[in-house]
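**Student:** Sequence and computational prediction follow.
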4 protein chains.
Amino acid sequence: MTTKIVIIYATDYGNTKKMAESVMAGAQSVVDTQVVIKQAEEVTAEDWISSQGVIVGSPVHMGSPDWRIKKMIDTVCSGLWMKDKLIGRVGGVFATGGGFGSAGGGCELVMLSLLANFAELGFIIVPLPKNTPGYPAGGLHWGPYARSGGPNMEPVGVSSESLEASFHHGANIARLAGQLKGNTVFANPR
Amino acid sequence: MTTKIVIIYATDYGNTKKMAESVMAGAQSVVDTQVVIKQAEEVTAEDWISSQGVIVGSPVHMGSPDWRIKKMIDTVCSGLWMKDKLIGRVGGVFATGGGFGSAGGGCELVMLSLLANFAELGFIIVPLPKNTPGYPAGGLHWGPYARSGGPNMEPVGVSSESLEASFHHGANIARLAGQLKGNTVFANPR
Amino acid sequence: MTTKIVIIYATDYGNTKKMAESVMAGAQSVVDTQVVIKQAEEVTAEDWISSQGVIVGSPVHMGSPDWRIKKMIDTVCSGLWMKDKLIGRVGGVFATGGGFGSAGGGCELVMLSLLANFAELGFIIVPLPKNTPGYPAGGLHWGPYARSGGPNMEPVGVSSESLEASFHHGANIARLAGQLKGNTVFANPR
Amino acid sequence: MTTKIVIIYATDYGNTKKMAESVMAGAQSVVDTQVVIKQAEEVTAEDWISSQGVIVGSPVHMGSPDWRIKKMIDTVCSGLWMKDKLIGRVGGVFATGGGFGSAGGGCELVMLSLLANFAELGFIIVPLPKNTPGYPAGGLHWGPYARSGGPNMEPVGVSSESLEASFHHGANIARLAGQLKGNTVFANPR
């Protein structure tokens, strides 16, 4: 039986879109996986309900996720949380940002904010291990990161290492979602 | 000379609005303070530029701030950050939420996300001290919090203690903004 | 084959110990699970290496985890991280605290700090779903929480709801660790 | 009247010590400022009580602060928090780390954990503005950061930019502490 993965992103200049596409390619590399990729504005509750795994990526804006991602979370996910609809699914995150300051530029809190949504929904969370290909130049333990700006804030695009880490992140999440399909992790609800 | 404070909020059922109004009353209790209160959608760059202090409050939604607050941050604050327009101002935050789980319900990460915007903008950040009136039932060290839901998620409104802590938070921020007006904290920019 | 789970905690007045014991009882309720429980000071690298699942609990001190937990992380986990020894295991967290302020008292950042260690180590992270028994009075989406202080900071012990949520958290983590034993989630390391 | 600043750090290979010394030099550059610098193990309650400003720096270990810093917080600061001894002081943070992954390596959560202690104590928090000299290669909005490891985790020391940002951070905090000396920001305690 096929495992369905949805990848959700917002993008300003196409960098987060590129990351999302590499996450998609990674998920598709896992056998029996069907992948849907959508911009945040297009996402419906059914996209979440019909998926075993969800991966969300956002640009870093002022140290927190893009408002379009947040609007999707507030308007689509809140109701699913209320009804305990998605407990036991598998999730992960990624981010892209100018990175001014050479210290991540706020990408950690961005990823934690996205992960908070997954935790609220009862998703099992997949981190990015240090030995993932691409990690040394494109990784944080919470997920892949692409620094799309240089030391003077000039656009530099997305590195091949960030795309490589994203590919493996997508594959890892698809693999776990497939392994857990049909399993009951969270038994005995109220 | 008058100190100008802007209070910015989003609200779903009026609870965060009530908190914002108590923050406003506190700020107004400080002599020579002029207070403007606005919903996030109405806020302009000029509101930020013309103020010595800014206070932002949000409902908790899925563990992060309301998307309307985030839209204001992305569309109004990003450009001001780029131009280093607001460095040395004074800021603080507050939050309201259902609080299901009796562990804050995610309000801490909400406040940190709001504070990230202030830190990016170069605002001096005002916490909520433990000895603030109202703190025992309405406080977190990052700012006042109102739990607006009971143990079964039923609406319970905002407690007088949360409003009291908010009043003092508003007064503290207005007081510091007044004391620092005209001072130069951050010297020698690049 | 037996699944081994290690539960690690620090405790000041016995509250976190009680939570840890309830987590243990939950893990033990899952068939073919062997559980070891240890205070942070007693933990060795071998405890981590020999386990499929690890659960760490801490008191909240000044908004971050107890220093004894942190010493264990720095001295035991850092070396295991360096060698990529634990990638693909299953982890979760819990916390206990006075909770002064009625907004979680800093337990969210405590849990995130503990989870950062798990993410660095490449652990798959188990959240606490909202429909877990005990959640309404003893839960945060990141893990169970026990508020051990009343409105005047007086000790009130640990509620049965917090213990109940902890029991199920332990069971959930043991169940997932058992299901994933022998599986390869993170393929193709560098 | 002299403003007293205490700088507190832990260090493994001397990198955080170098950052601390640059913070110290910056604080000393502000007129009428007396600076004390101490390793975490040597810090006493009196060091905190006698200071108008405190700056804490830590290595990044597994995504959270060094355990020696945390021990100081738990054993020295907790009691001062209980008695509301330090409300209205001025604080800031900095961090150093290997930075493997090129996304900050967890320095953001480290700084937030250190800031949580300051918020609990009622300190006014000083961020690091983007236009600070050294920021492009040595900054995060929460404070200066030195990446002391290269792409293969090899030691590379601390950059001049990170030291420059630290110098200005120290000066900013000393300046604000001096400006606020004798002022009452937090009036009307319970």
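**Tutor:** It's in.
**Student:** Surely residue A:101 is in contact with residue D:139?
**Tutor:** Yes - between residue A:101 and residue D:139 a contact is recorded at 3.9 Å, counting by C-beta atoms under 8 Å. For the C-beta atoms, the positions are set from N, CA and C on the backbone; glycine is no exception.
**Student:** Give me the phi and psi angles of residue A:126.
**Tutor:** phi -100, psi 120 (degrees, to the nearest 10).
**Student:** which residues sit in contact with it?
**Tutor:** Residue A:126 makes contact with A:90-92, A:169, A:172-173, A:176, C:124-125, C:185, according to C-beta atoms under 8 Å, 6 or more residues apart in numbering or on different chains.
**Student:** Comparing residue A:101 and residue D:139, which shows the higher neighbour count?
**Tutor:** Higher neighbour count among residue A:101 and residue D:139: residue D:139, with 30 against 25, using other C-beta atoms under 10 Å in any protein chain shown.
**Student:** who's that one bridged to?
**Tutor:** Beta-bridge partners of residue D:139, counted by DSSP bridges, are residue D:144.
**Student:** Could you verify my assumption that it touches residue D:128?
**Tutor:** Yes - shown here, residue D:139 and residue D:128 form a contact pair, counting by C-beta under 8 Å, at 5.3 Å.
**Student:** List the buried residues for the helix ranked longest in chain A?
**Tutor:** As assigned by DSSP state H, the longest helix anywhere in chain A is helix A:160-180. Under the neighbour-count criterion of 16 or more other C-beta atoms under 10 Å in any protein chain shown, helix A:160-180 has A:161-180 buried.
**Student:** restrict those residues to those near chain C?
**Tutor:** Restricting those to those within reach of chain C (C-beta under 8 Å from any C-beta of the partner chain) leaves A:168, A:171-172, A:175-176, A:179-180.
**Student:** Now render the residues you listed as a markdown table, adding pLDDT.
**Tutor:** Shown next, in a markdown table, are these (pLDDT from 0 to 100):
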| residue | pLDDT |
| --- | --- |
| A:168 | 98 |
| A:171 | 98 |
| A:172 | 98 |
| A:175 | 97 |
| A:176 | 98 |
| A:179 | 96 |
| A:180 | 96 |
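**Student:** Which pair in these has the greatest spatial separation?
**Tutor:** A:168 and A:180 (18.5 Å; C-beta to C-beta).
**Student:** coming back round to it: got the CA positions of the longest helix of chain A in CSV?
**Tutor:** The C-alpha trace of helix A:160-180 is given here as CSV (Å, rounded to 0.1, in the frame of the first residue of the first chain):
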residue,chain,number,x,y,z
SER,A,160,24.0,21.7,-3.2
GLU,A,161,24.7,20.6,0.3
SER,A,162,21.5,22.1,1.6
LEU,A,163,19.6,20.4,-1.2
GLU,A,164,21.4,17.1,-0.5
ALA,A,165,20.4,17.2,3.2
SER,A,166,16.9,18.0,2.2
PHE,A,167,16.7,15.1,-0.1
HIS,A,168,17.7,12.7,2.7
HIS,A,169,15.3,14.4,5.2
GLY,A,170,12.5,13.8,2.8
ALA,A,171,13.6,10.1,2.3
ASN,A,172,13.9,9.6,6.1
ILE,A,173,10.4,10.9,6.8
ALA,A,174,8.9,8.9,4.0
ARG,A,175,10.7,5.8,5.2
LEU,A,176,9.4,6.2,8.8
ALA,A,177,5.9,7.1,7.6
GLY,A,178,5.9,3.9,5.6
GLN,A,179,7.2,1.8,8.4
LEU,A,180,4.6,3.1,10.8
